[in-house]
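> A predicted structure for the sequence below; I have some questions about it.
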Amino acid sequence: MSDGTTRTIKVGYLARVEGEGGLTVTVRRGRVEEVRLEIFEPPRFFEALLRGRSFAEAPDITARICGICPIAYQMSAVHAMEDALGVHVEGQLRALRRLVYCGEWIESHTLHVYMLHAPDFLGYPDAIAMARDHRETVQRGLRLKKAGNAIVALLGGREIHPVNVRVGGFYRVPERAELSPLADELAWARDAALETVRWVAGFEFPDFEPDYEFVALRHPDEYPMNEGRIASTAGLDVTAQEYEAHFVEDHVAHSNALQSRLRARGAYLCGPLARYALNAERLSPLARATARAVGLGPVCRNPFRSIVVRAIEVLHACDEALRLIAAYEPPPRPFLDVAPRAATGCAATEAPRGLLYHRYRLAADGAIEDAKIVPPTSQNQKSMEEDLARFVAPRLALPRDELTLRCEQAVRNYDPCISCATHFLRLRIDEA
Amino acid sequence: MRARVIGLGQAAAGDDGVGLAVLDALREHGVPADVELVRAAEDVALVALLETCAPVVLVDAVLGTPTGEVLDLAPSELARRGPRSVSTHGLGVPEAVELARTLAPDTVSPAVRVVAVTIQRPTAYAQCLSPAVAAAVPRAVARVLGLVGG
């Protein structure tokens, strides 16, 4: 490092982070001056695409935003539309929505735990190298992920861009017998999830515990997926309708994404760590006991340890899915009737990566006049940048390759979904 | 099953969706009844789809010039030749094939080919293909049909 010279070190792309973005760390005289995470964010494109379309099309259109979490987009869309149109889905239809969300949590989290995150802790460059030495473990991960996919495929109508979810319910609901094969595999999956928790809890984690303000849904009776108030560890407790009074989005020059912050306090974090901090006592008894057994306290602030919390959430989702299937009786009708009207509706649900907020303004004929979609990654972006600055500062003396690797790992902690455009994340360190 | 054809890509990212467009065109054109046409949501889904004793043809976009070239490649050639797949998240096609072969060497299709269409790096969201890439779709369809005997 020398004053007066600027060096750009190209260190390739983060091959295991979805989507495209760029990370630039600017170091001046040995101090981290700026960290910029560039994100190319698809939801903004979809907001424009939704205008003028019927309210009924929103679940199908928004499902195309992300190949990993289409259900999250559908769930936020239908709940926001139902808020606008004065409909409340209850009983078995509500249970089926929760079941399909369990499927998405299982597949998305398992993908992250096994294919993206675990290789970092075990010292492998990628999942392929890890699979050569840990074949049975990776096979377990793939089968576990598939158990989640099977739920989404059955209730969503198909695995990719599910089409069976509609405002008011589903186009078609399953018979009891159709859910039986899912239950058989989920019983295996629950054991596999338990093994997964024990496996990842044994990894070594760096000491790194930022003082986050966690934001997540909080529900009085259940670990939240589709319903609840938006709460934070600093005392925020509001409805989805009040979201925009408390959260604001800023344009940032280096990214085409908008960056969210709390009006009152700035950066915050949503996602598994936040859900866990605000709802740990509502986990299933097995998931709660397992979390305690592997040493997770009531709050986990170490983003590297998020792999353990994701594994706990997979265990919970398997448990919850089994409970929902056991109690399932086909509802008399697959959907409630919904009549269009001029109104505005909002909803926030818990995507695997965190809070996903949708707002729609509808015309009297149900045409969408305006749409707003705030995905978890743009909500976490400010925290990610602040964390990276904090994380890099004491590690500047590390060899460049190692520092690069550590930065990559730090980004992967947040499971950023910058997907669905092109698929690279370039890391650049500008040193002056 | 005679063969499985797997389309990859993101339809909302313009030319990145060419693999899906080829799949749609194949469906419209018609393929023999024992040829399966499927989409893969992402790379890890590909791992399970490669487990078949039938030949597999992956149809995907790759970065490369000139735009709209149709290439017929072995998965390993994607890395060797330079163009890098830009569809499905993260892992990439050659990596997914390698992962599948590492995990299940005995059950992965012995014959995996990639029919790739060269595209420029997508920089904006668009739901349609550029003219040069759209013009490549019939040639890619013909190449796939040639491989699966349609």
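In hand now; what should we look at?
> Now do the contacts for A:His112.
Counting by Cβ atoms under 8 Å, 6 or more residues apart in numbering or on different chains, A:His112 makes contact with A:Ile307, A:Arg310, A:Pro352, A:Asp415. Every C-beta, even on glycine, is put in place using the N, C-alpha and C of the backbone.
> typo on my end, A:Asp237
A:Asp237 touches A:Arg218, A:Arg229, A:Ile230, A:Ala231, counting by Cβ under 8 Å, 6+ apart.
> what about the strands in the chain?
Unless you meant another one, I'm taking chain A. A:7-13, A:21-28, A:31-39, A:165-166, A:169-170, A:215-218, A:229-232, A:237-238, A:247-251, A:258-262, A:343-351, A:354-362, A:368-374, A:425-431 (DSSP state E).
> my bad, chain B
Per DSSP E, chain B carries strands over the ranges B:3-7, B:35-39, B:56-63, B:70-73, B:112-119.
> Output the shortest one in PDB with nothing but the alpha carbons.
So the one you mean is strand B:70-73. Coordinates of each C-alpha in strand B:70-73 appear next as PDB, following Å, rounded to 0.1, in the frame of the first residue of the first chain:
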ATOM      1  CA  VAL B  70     -25.600 -21.200 -32.300                       C
ATOM      2  CA  LEU B  71     -23.000 -23.400 -30.700                       C
ATOM      3  CA  ASP B  72     -23.100 -27.100 -30.000                       C
ATOM      4  CA  LEU B  73     -20.800 -27.800 -27.100                       C
END
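> most centrally placed residue in chain B?
Nearest to the geometric centre of chain B sits B:Val59, at 1.7 Å (Cα atoms, centre = their mean).
> State the pLDDT value of that one.
In this model, B:Val59 is scored at 93, pLDDT.
> Dig out what it forms beta bridges with.
For B:Val59, the beta-bridge partners are B:Gly7, B:Val115 (DSSP bridges).
> you'd agree it is up against B:Ala140?
Yes. B:Val59 lies in contact with B:Ala140 (Cβ atoms under 8 Å); the separation is 6.5 Å.
> Mutual contacts of these two, please.
Residues within reach of B:Val59 and of B:Ala140 at once, by Cβ under 8 Å, 6+ apart, are B:Val18, B:Val22, B:Val115, B:Val117.
> Which residues are in contact with the third one?
To tie it back to what came earlier, the one meant is B:Val115. Residues near B:Val115 by Cβ under 8 Å, 6+ apart: B:22, B:57-60, B:70-73, B:140, B:143-144, B:147.
> Look up how far chain A lies from the closest residue in space to B:Pro66 that isn't next to it in sequence.
Spatial nearest neighbour of B:Pro66, excluding adjacent residues (Cβ to Cβ, 6 or more residues apart in numbering or on different chains): B:Thr118 at 6.8 Å. Using Cβ to the nearest Cβ, to the nearest Å, we find B:Thr118 at a distance of 14 Å from chain A.
> related to what we said a few turns ago, now for the shared contacts of B:Val59 and B:Ala140: which two are most distant?
B:Val18 and B:Val115 (10.2 Å; Cβ to Cβ).
> what are the ranges of the helices in chain B?
Using DSSP state H, the helices of chain B run over residues B:18-29, B:43-49, B:75-81, B:93-103, B:131-148.
> The last one vs strand B:35-39, what angle?
Angular relation of helix B:131-148 and strand B:35-39 on a 0 to 180 degree scale: 140 degrees, by axes from the mean of the first three to the mean of the last three Cα atoms, to 10 degrees.
> Of all the residues in helix B:131-148, which ones are buried?
Going by neighbour count (16 or more other Cβ atoms under 10 Å in any protein chain shown), the buried part of helix B:131-148 is B:Ala132, B:Val133, B:Ala136, B:Val137, B:Ala140, B:Val141, B:Arg143, B:Val144, B:Leu145, B:Leu147, B:Val148.
> Leaving out chain neighbours, which residue sits closest to the first one?
With Cβ to Cβ, 6+ apart as the measure, B:Gly68 is the residue that lies nearest to B:Ala132, at 3.7 Å, once sequence neighbours are left out.
> Quick check: the one you found touching B:Leu129?
No. Applying Cβ under 8 Å as the test, B:Gly68 and B:Leu129 come out as separate, 9.4 Å apart.
> follow-up on the earlier one: now the common contact residues for B:Val18 and B:Val115.
Taking Cβ under 8 Å, 6+ apart as the criterion, B:Val18 and B:Val115 both touch B:Val59, B:Asp60, B:Ala140.
> What are the neighbouring residues in contact with the first one?
By Cβ under 8 Å, 6+ apart, the contact list for B:Val59 reads B:5-8, B:18-19, B:22-23, B:114-117, B:140, B:144.
> okay, the residues you listed in CSV with pLDDT next?
Output for the contacts of B:Val59, formatted as CSV (pLDDT from 0 to 100):
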residue, pLDDT
B:Val5, 97
B:Ile6, 95
B:Gly7, 92
B:Leu8, 87
B:Val18, 91
B:Gly19, 92
B:Val22, 97
B:Leu23, 96
B:Val114, 92
B:Val115, 94
B:Ala116, 89
B:Val117, 89
B:Ala140, 97
B:Val144, 97
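> Throw those into TSV and include distance to A:Val100, thanks.
As requested, those are arranged in TSV below (distance: Cβ to Cβ, whole Å):
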residue	distance to A:Val100
B:Val5	28
B:Ile6	24
B:Gly7	24
B:Leu8	24
B:Val18	30
B:Gly19	27
B:Val22	30
B:Leu23	25
B:Val114	33
B:Val115	34
B:Ala116	34
B:Val117	34
B:Ala140	34
B:Val144	33
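> The stretch 51-200 of chain A against chain B: which residues are in contact?
A:64-65, A:67-68, A:111, A:115-116, A:126-128, A:131-132, A:135, A:138-139, A:142, A:145-146, A:149, A:159-161 (Cβ under 8 Å from any Cβ of the partner chain).
> Over to the nearest residue to B:Gly17 once chain neighbours are set aside: give its phi and psi.
Among residues not flanking B:Gly17 along the chain, B:Ala11 sits closest, at 3.7 Å (Cβ to Cβ, 6+ apart). Main-chain dihedrals, B:Ala11, degrees, to the nearest 10: phi -60, psi -20.
> Need the pLDDT of B:Ala11.
On pLDDT, B:Ala11 comes in at 75.
> And A:Glu431, by the same measure?
59.
> I'd like the distance between A:Ile71 and B:Leu49.
Counting by Cβ to Cβ, to the nearest Å, the gap from A:Ile71 to B:Leu49 is 20 Å.
> the more surrounded of those two?
Taking other Cβ atoms under 10 Å in any protein chain shown, A:Ile71 and B:Leu49 do not tie; A:Ile71 has more neighbours (30 against 18).
> Quick one: residues contacting the spatially closest residue to that one that is not a sequence neighbour.
Excluding its sequence neighbours, the residue lying closest to A:Ile71 (Cβ to Cβ, 6+ apart) is A:Glu104, at 4.1 Å. Counting by Cβ under 8 Å, 6+ apart, A:Glu104 makes contact with A:Cys69, A:Pro70, A:Ile71, A:Ala72, A:Gly148, A:Val152, A:Pro352.
> Residue 56: neighbour count?
Chain wasn't specified; assuming chain A. Neighbours of A:Ala56 under the rule other Cβ under 10 Å: 15.
> The chain in question should be chain B.
B:Val56: 27 neighbours (other Cβ under 10 Å).
> quick one: contacts for it?
Counting by Cβ under 8 Å, 6+ apart, B:Val56 has contacts B:Ala3, B:Arg4, B:Val5, B:Ile6, B:Leu49, B:Leu50, B:Ser109, B:Ala111, B:Val112, B:Arg113.
> repeat that for 10 Å
Residues in contact with B:Val56 (Cβ atoms under 10 Å, 6 or more residues apart in numbering or on different chains) are B:3-6, B:36, B:38, B:46, B:49-50, B:75, B:97, B:100, B:108-114, B:147-148.
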